[in-house]
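[1] got a predicted model here, sequence first, then my questions.
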Amino acid sequence: MTETIYEKKAKDIPGRQLPNNRRQIGQPGLDSPEVFIEDYAFSYARRLSEREYSGCVVGVLVGEYADGRQADKILIKGVLEARDVLRHDAVCFTEDNWAGIYRDIRDYFPDMQIVGWFLGGPGFLLEDEERQKKIQEDNFGGGDKVFLKLDSAEKEQRMFFYSEGEMKELPGYYIYYERNTEMQSYMAETGTVAAVVE
């Protein structure tokens, strides 16, 4: 994807002002949601995906819908690793997994909600679009969640949005920069702060 720097001043919208300090990846489309992912969260997800050499890593994206309407403008503030969800080369969220994820949201991102998920690594799950769609439908229902795919072997990042029963790749998204003490606290207290050291 093409990376360009976005310098236009964000306009006020009801609910939350869009981040001014951001860069554009690709060409966000007019008929798709605008997705903004905070740089520290994005870097953490990327490092998690690069950590896994033989399989995949799965995580949950937490944030908010900036304008109060779902799916129009999505701000991703944090990434939570979903531990122990890979079983026999399949992604399986159990009640215990969800309890741990919601506990982490309560402890580290109390004002945020689940806005999507990510899958990273060099594994074959990255190539199986039907399985990704099934994971989306089974665990991240509704038409308002995004999916971030991080291929550590190819060094590619792709963002998708579930709409009308299909996983549609977004033509672009934004990485934004702001103080993210919630993400830093999560990494420090879960012992994963070394994962994002450059």
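    Received the coordinates, thanks. Numbers count the residues shown, from 1 in each chain.
[2] let me know the pLDDT of the most centrally placed residue in the chain.
    Note on the chain: the residue nearest the mean C-alpha position is Leu61, at 4.1 Å, using Cα atoms, centre = their mean. For Leu61, the pLDDT comes out at 96.
[3] follow the chain on from the helix or strand of the chain with the lowest mean pLDDT and name the next helix or strand.
    None of the helices or strands of the chain scores lower by mean pLDDT, DSSP states H and E than strand 3-6, at a mean of 35. Downstream of strand 3-6, the first helix or strand assigned by DSSP states H and E is strand 22-26.
[4] which residues does the residue nearest to the centre of the chain contact?
    Leu61 makes contact with Ile37, Ala41, Ile76, Gly78, Val79, Ile114, Val115, Gly116, Trp117, Phe118, Val146, Leu148, according to Cβ atoms under 8 Å, 6 or more residues apart in numbering. (Glycine included, C-beta is placed from N, CA and C.)
[5] repeat that for 6 Å
    By Cβ atoms under 6 Å, 6 or more residues apart in numbering, the contact list for Leu61 reads Ile76, Val115, Gly116.
[6] now it: closest residue in space that isn't a chain neighbour?
    Closest residue to Leu61 apart from its sequence neighbours, by Cβ to Cβ, 6 or more residues apart in numbering: Gly116 at 4.1 Å.
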